[in-house]
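Trainee: Here you go, sequence then predicted model.
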Amino acid sequence: MGGNGPDITGSTLAPEEAFGALGNGIRIDILRILGDAETSLPFSDLRTEVGVDDPGRFNYHLNQLSGHFVEQDDAGYRLKRPGERVIEAVLSGAVTETPVIERTQIDWACHFCHSTPIEMEYRDGQIGVYCTDCPGMYGGIDDIEADVPPSERNRLWYAWLPPAGIKGRSPEEVLYASARWTMAEIVTSTSGICPSCSAPLGDGVDVCINHDTADGLCSACDRRFAVLYWMGCTNCVFDSAISLGTALVANLELRSFMIEHGLDPVAPKSPDFRRMIHQFDEEVRSTDPLEARITYHVDDHSIALTVDESLNVVDVAR
Ligand SMILES: [Zn+2]
Ligand SMILES: [Zn+2]
Ligand SMILES: [Zn+2]
């Protein structure tokens with residue numbers, strides 16, 4: 001990746017300058033109100049809405065934002081793109097809030113053992129979904145080292161969602177929102193594009209050589225599937241690791257197969273969809289170089305994708 005990019009010009013603000021300019025409640029209010037406004041706001045309207053009586057004091061704070069976060073046109077002041085991104089981050093709650101939803105039962109069936117209900121919780125900006133019966137998808141090495149009882153390790157999946165995503169939604173709606181949000185992230189990230197900052201991602205696979213799932217999860221890697229596909233951003237802190245079967249979800253042949261069988265590849269609402277992308281057959285045919293075959297099932301139909309070490313699909317069989 002990279003190397004022959006276009007010449008890039010334009011200005012850069014040092015992070016400490018940017019955050020210094022933002023470190024004041026009046027300035028955050030200015031960004032919030034301009035973010036809400038349909039049109040540019042004249043100075044006096046903006047000052048009244050922010051609620052600062054002293055024009056000199058208000059002008060001082062507005063000046064700290066002008067140029068980079070806020071710009072002026074004939075009608076008044078409006079946000080520039082960096083100002084929009086700051087207020088989006090603030091309003092998502094991602095940088096200021098740490099809400100918690102304690103374990104809550106959801107009337108969905110586990111896609112591995114079909115037991116109902118499953119449970120979800122939300123903490124640290126992350127949704128955890130658990131089976132109450134089977135070992136789920138992965139146990140988590142940290143949990144085993146910390147002696148967390150097996151009943152609390154039975155994760156079906158994890159997903160990030162900003163705090164704004166849990167407001168005004170039932171726990172089940174939160175799960176739907178996170179499933180769809182995560183699917184968009186998977187489609188973007190498996191195309192080599194960072195879903196957080198858009199920079200190129202690096203990627204690779206970890207293969208468990210001694211994989212044995214006789215007890216549900218493998219005792220060597222603590223996962224249900226042997227092949228883990230990982231991605232890391234070359235620019236920001238984004239990283240992610242998903243099973244190979246989930247990583248292939250954007251494949252065109254697989255999407256065609258889903259649509260033919262009544263599944264919507266971008267709206268993972270149905271239990272059939274969850275079952276298909278989480279419960280597939282994985283066959284590692286060679287580890288060096290990697291060759292693996294993933295077989296997905298819907299009703300009595302199946303599709304098998306074979307991938308090489310670069311995760312190129314080299315064979316499709318129905
Ligand atoms: Zn289960
Ligand atoms: Zn293993
Ligand atoms: Zn990134």
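Mentor: Thanks, I have the structure now. Ligands and ions are numbered 1, 2, ... in the order given.
Trainee: Next up, identify which helix or strand Asp272 is on.
Mentor: helix 271-278 (DSSP states H and E).
Trainee: what comes up buried for that helix?
Mentor: Asp272, Phe273, Arg274, Arg275, Met276, Ile277, His278 (16 or more other CB atoms under 10 Å). C-beta: built from backbone N, CA, C; applies to glycine.
Trainee: Now flag whichever of those is closest to Val313.
Mentor: Ile277 (15.5 Å; CB to CB).
Trainee: State the phi and psi torsions of the nearest residue in space to Ala267 that is not next to it in sequence.
Mentor: Closest residue to Ala267 apart from its sequence neighbours, by CB to CB, 6 or more residues apart in numbering: Arg180 at 6.5 Å. The phi and psi values for Arg180, taken as degrees, to the nearest 10, are phi -70, psi -40.
Trainee: what's the neighbour count on Arg180?
Mentor: A total of 15 residues lie near Arg180 under the criterion other CB atoms under 10 Å.
Trainee: My reading is that Val316 is in a strand; is that accurate?
Mentor: Yes: per DSSP: H, G, I helix; E, B strand; the rest coil, Val316 lies within a strand segment.
Trainee: Quickly list what it is bridged to.
Mentor: In this entry, Val316 is beta-bridged to Leu305, by DSSP bridges.
Trainee: Give me the distance between the two termini of stretch 257-274.
Mentor: Stretch 257-274 has an end-to-end distance of 15 Å (CA to CA, to the nearest Å).
Trainee: quick check, that stretch touching ligand 1?
Mentor: No: Stretch 257-274 stays clear of ligand 1 (CB under 5 Å from the ion), getting no nearer than 11.8 Å.
Trainee: Pull out the buried residues from that stretch.
Mentor: Counting neighbours by 16+ other CB under 10 Å, stretch 257-274 gives Phe257, Met258, His261, Leu263, Pro265, Pro268, Asp272, Phe273, Arg274 as buried.
Trainee: Which residues of the stretch 1-150 of the chain lie near ligand 2?
Mentor: Counting by CB under 5 Å from the ion, no position of the stretch 1-150 of the chain is adjacent to ligand 2.
Trainee: how far does stretch 120-128 sit from the chain's center?
Mentor: On the basis of CA atoms, centre = their mean, to the nearest Å, stretch 120-128 sits 13 Å off its chain's mean C-alpha point.
Trainee: Contacts made by it with the rest, please.
Mentor: Identification of contacts with stretch 120-128 by CB atoms under 8 Å, 6 or more residues apart in numbering yields 94, 98-104, 106, 129-130, 155, 158-163, 166, 171, 174-175, 178.
Trainee: And for stretch 181-197?
Mentor: In contact with stretch 181-197 (CB under 8 Å, 6+ apart) are residues 1, 159-161, 165, 199-201, 203, 229, 231, 233-238, 240, 242, 246-250, 266, 268.
Trainee: which of the residues you listed are buried?
Mentor: Counted by 16+ other CB under 10 Å, these give 159-161, 165, 201, 203, 229, 231, 233, 238, 240, 242, 246-250, 268 as buried.
Trainee: Buried among the contacts of stretch 120-128? Need that as a selection in PyMOL.
Mentor: Of the contacts of stretch 120-128, the buried ones can be selected in PyMOL as follows, counting by 16+ other CB under 10 Å:
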select buried, resi 94+104+106+129+130+155+158+159+160+161+162+163+166+171+174+175+178
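Trainee: can you map out the strands along the stretch 1-150 of the chain?
Mentor: Here the stretch 1-150 of the chain has its strands, by DSSP state E, counting those that start in this stretch, at 70-73, 76-79, 101-106, 118-123, 126-131.
Trainee: tell me which residues in the first one are buried?
Mentor: In this case it means strand 70-73. Those buried within strand 70-73 under the rule 16+ other CB under 10 Å are Val70.
Trainee: Just the C-alphas of that strand, formatted as CSV.
Mentor: Extracted as CSV, the C-alpha positions of strand 70-73 are listed here (Å, rounded to 0.1, in the frame of the first residue of the first chain):
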residue,chain,number,x,y,z
VAL,A,70,-15.2,28.0,12.6
GLU,A,71,-15.3,30.3,9.6
GLN,A,72,-17.1,33.5,8.7
ASP,A,73,-19.1,34.2,5.6
